[in-house]
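**Q** Generate coordinates for the sequence data below:
(6 chains)
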There are 4 protein chains.
Amino acid sequence: MAVAVTSKAKKSALSAKAKAPLEPVRDAERTKQALLAAAEVEFSTKGLAGARVDVIAEQAAANKRMLYYYFGSKEELYLAVLERAYGSMREAERKLNLTDLAPREAIKTWVEFKFDYCQQHQQIIALLAGENMLGAVHLKRSRRLRDMNMSLVDVISALLDAGVAKGDIRPGIDPVHLYISMSALSYFYFSNSATLSAAFGRALSSPAEQKLRRAHCVDVIMSYIAAR
Amino acid sequence: MAVAVTSKAKKSALSAKAKAPLEPVRDAERTKQALLAAAEVEFSTKGLAGARVDVIAEQAAANKRMLYYYFGSKEELYLAVLERAYGSMREAERKLNLTDLAPREAIKTWVEFKFDYCQQHQQIIALLAGENMLGAVHLKRSRRLRDMNMSLVDVISALLDAGVAKGDIRPGIDPVHLYISMSALSYFYFSNSATLSAAFGRALSSPAEQKLRRAHCVDVIMSYIAAR
Amino acid sequence: MAVAVTSKAKKSALSAKAKAPLEPVRDAERTKQALLAAAEVEFSTKGLAGARVDVIAEQAAANKRMLYYYFGSKEELYLAVLERAYGSMREAERKLNLTDLAPREAIKTWVEFKFDYCQQHQQIIALLAGENMLGAVHLKRSRRLRDMNMSLVDVISALLDAGVAKGDIRPGIDPVHLYISMSALSYFYFSNSATLSAAFGRALSSPAEQKLRRAHCVDVIMSYIAAR
Amino acid sequence: MAVAVTSKAKKSALSAKAKAPLEPVRDAERTKQALLAAAEVEFSTKGLAGARVDVIAEQAAANKRMLYYYFGSKEELYLAVLERAYGSMREAERKLNLTDLAPREAIKTWVEFKFDYCQQHQQIIALLAGENMLGAVHLKRSRRLRDMNMSLVDVISALLDAGVAKGDIRPGIDPVHLYISMSALSYFYFSNSATLSAAFGRALSSPAEQKLRRAHCVDVIMSYIAAR
DNA sequence: GATGAATGAGAGTTCATTCAT
DNA sequence: GATGAATGAACTCTCATTCAT
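**A** Here you go, the predicted model:
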């Protein structure tokens, strides 16, 4: 963990220029981010109702009071976590720039991205699962998320159209449902890994198994979109 | 299990000995079922932590004390609900008797069944989502569910083998992952319908939309298993 | 106050008639009244904001949870206390039956009653002072108190009219302001006794002093209403 | 006390060397007064316990830290407000110089002053009501207020004696109780206007109504002191 | 003289659970 | 088998106050 340095240290930094610039203890942004990070863990493992603000504050090495100072309430903190998680997911997707690739290649990349993102952010998966269980009432209220979506469909539509024109993607595919399926194949595997592993008595979350699943997801989608 | 005799029955037994043989009012069983039903609603909409014991008792038109009388604790009630829900899902699946059908036909039927079951039991979907968020610790502890699974894989394997032999299913398909995908395509659509509808600004849960999705799920899986 | 008798007490009373009737621990009404009484003390000495629910519960020998069980919140308990206090004050006034007396005699009795009531219920005085400081927002919201008032003015009017007709009360007196003055002379003496004593360096709350004040109040009002 | 020099002053000192002798901006005093004014509003509407330090600081457009810098604590600020309010009330009374008037005229003027002062300083009325509810523990501790009182009684006594000698004031009037009554008639009308208005369903605080009350107060007192 | 960040104690409130009948 | 009263622990949230700059 980074060592905290007070203003005292900073002043001495003026005299000794070799001193590395350090993060101060009284850093609003730092505290805020620590709270958000701790909250993400707590909410994603226990849900909104099951999460404890004391635990969040403690894990963030912050005072409980700070949580209310910055976020107002448990629910607003939850929403902040949700917005950040959902936002960064959409953001990552947007950065894919799939339009530069050939249609089938682009879709394959997308499926792989979906899988990798789920794998690397299982906390977000859990978070979204919890939010969906509650009817997504919080996400629906969020203004920040209103605009984030939508354009996705346009990208898929364009890819599908190009593929159809080129002759290597079959016509008549609904872009929304294709997108849902691409998500579903990876998301469900991670969101339900606990019950799935129990059900099949097979450690589905091992690296080897994950590699298998990744290929399977690509396979399913590519088979589906293939021109006959 | 001991036969329940209500106080009503007792009283009438005292005053009139020539009573009807045994008036099995079984309020006991009825109360128990009412509690389970109410608990399923409460747990599936609010999660384990968010659910309120008082609400469950009230919705079941039962006294709160009865809940403890029959189930011991909130957590045990939750487990009972989970077991019942998960059990009946597996039970329904077992009753499909798919081995009588041609392999491709059987799998198509299965996919459709998956979709229909999800649609008709969205409460169970939510319940499972919540349980998975918690790492499925309760379901893993359940003895009753140990045995329920497993045989599923055998059925799929048999179907796949038969199809391959017959030449209309491609070889090399992993039955576990096929099963997971069959589940994923329907489950995710329902479990995440709240965020999906918000994301796409399209009422994905309308009957027309559901019919579309059902066909899409079948299409995806059938394309995948098709022999080239 | 009626003595509560539980079924237990009743039963034992049947077998052993000499048994003293006992107060049961689990008596809803008793707990409720104890809470109200404790709350009256706490609210009247510290105000709504300064009062502590823990103290109220402890003084009532009840569990803090019971306070919420019966009253819902601190504010609602406060309102209940207020309604009870204000209600019993008005009730006592109504029972005076002053119309049976000669006009001047009636008004003299009323002034004396005002003084005596203030003296015997200084808690209520303090309670009302606090509520008035808050703009009486709680009392104004109370439905129960809507109807309690008003008729008072009619009584005074009748008395004044009779006195005027009889010739021993001067005409032209506003009954509302007379009532306010009758209240003010006693109420203020008690509500502000703390600052008054400090200001005059004279122990104004001694019995002797109170007797003096009582006579003074009567004197002032009687001088005012006297026909010239 | 150290002379305050604001940053504003400093800056202008830098740019214009030919400065005015000493530009005593005294933000210090201004901030202090702003805090007192804001505190008076907050304490008089919510009481000591109900008042919020943050609100006071915000309303004074000052930093919360300044409140502690100048007053040490919430309670000491409260005391400062009380002392100021009570002091200025007594001060105003002292400035009446009633000894120049004829006795009855002087008392009439005094009653009118009481009424007018209450009307113009209803905040102080509320403040005193709150303090009295708490047993006036703060005012009693205040050294500044020890000396303020007392002389009032001498003035009244002198007026009464003069009136009695002159033959137009009746003998035997207790000056303290007369003073209390003069206060009571106006104070109570304002301190309890909220409940009174509610009780009588009559907007007692309208200008017309206030004029009526003022005359009534004078009438009551003048009738009382009149020689028969 | 002024400020935003931080704090610990304690407030009101809620909850699963149990007691007495 | 059923009920209303009772409980204590724990939770979310608030507040006056102080630190570091």
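**Q** ok now the lengthiest helix in chain A, how far from the chain's centre?
**A** Secondary structure of chain A per DSSP state H: the longest helix is helix A:28-50. The chain centroid and the centroid of helix A:28-50 are separated by 14 Å under C-alpha atoms, centre = their mean, to the nearest Å.
**Q** Summarise which helices and strands that helix is packed against.
**A** helix A:53-59, helix A:64-71, helix A:74-94, helix A:122-133, helix B:27-50, helix B:122-133 (3 or more C-beta pairs under 8 Å, 6 or more residues apart in numbering or on different chains; DSSP states H and E). For glycine as for every other residue, the C-beta is placed from the backbone atoms N, C-alpha and C.
**Q** so how far is the helix or strand just after the fourth one off the chain centroid?
**A** If I follow you right, that is helix A:122-133. Using DSSP states H and E, the helix or strand that follows helix A:122-133 in sequence is helix A:137-141. The chain centre lies 17 Å from the centre of helix A:137-141; the measure is C-alpha atoms, centre = their mean.
**Q** is any part of helix A:137-141 close to DNA strand F?
**A** No: applying C-beta under 7 Å from any atom of the strand, one finds helix A:137-141 out of contact with DNA strand F, separated by at least 13.6 Å.
**Q** who does that helix touch, helix- and strand-wise?
**A** helix A:74-94, helix B:193-200.
**Q** which of these has the lowest average pLDDT?
**A** Comparing mean pLDDT across those, the lowest value falls on helix B:193-200: a mean of 87.
**Q** so which of the helices and strands packed on helix A:28-50 gets nearest A:R143?
**A** Nearest of the helices and strands packed on helix A:28-50 to A:R143, taken as C-beta to C-beta: helix A:74-94 at 9.3 Å.
**Q** Tell me what angle the longest helix of chain A forms with helix A:64-71.
**A** 100 degrees (axes from the mean of the first three to the mean of the last three C-alpha atoms, to 10 degrees).
**Q** check whether helix A:28-50 contacts DNA strand E.
**A** Yes: using C-beta under 7 Å from any atom of the strand, helix A:28-50 reaches DNA strand E at A:A28, A:R30, A:T31.
**Q** Is there contact, residue-wise, from stretch A:69-76 to chain D?
**A** No: applying C-beta under 8 Å from any C-beta of the partner chain, one finds stretch A:69-76 separated from chain D by no less than 11.6 Å.
**Q** buried stuff in that stretch?
**A** A:Y70, A:F71, A:K74 (16 or more other C-beta atoms under 10 Å in any protein chain shown).
**Q** any idea which of those residues is closest to chain C?
**A** A:K74 (19.8 Å; C-beta to the nearest C-beta).
**Q** picking up where we left off before, now the helices and strands packed on helix A:28-50 in TSV, with distance to B:A194?
**A** Shown next, in TSV, are the helices and strands packed on helix A:28-50 (distance: least, C-beta to C-beta, whole Å):
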stretch	distance to B:A194
helix A:53-59	25
helix A:64-71	23
helix A:74-94	12
helix A:122-133	5
helix B:27-50	12
helix B:122-133	10
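**Q** closest to B:L139 out of those?
**A** helix B:122-133 (5.8 Å).
**Q** For that closest one, which outside residues touch it?
**A** Contact with helix B:122-133 is made by A:44-45, A:47, A:126, A:129-130, A:132-133, A:191-195, B:40-41, B:43-45, B:47-48, B:81-82, B:85-86, B:89, B:118, B:138-139, B:187, B:190-191, as judged by C-beta atoms under 8 Å, 6 or more residues apart in numbering or on different chains.
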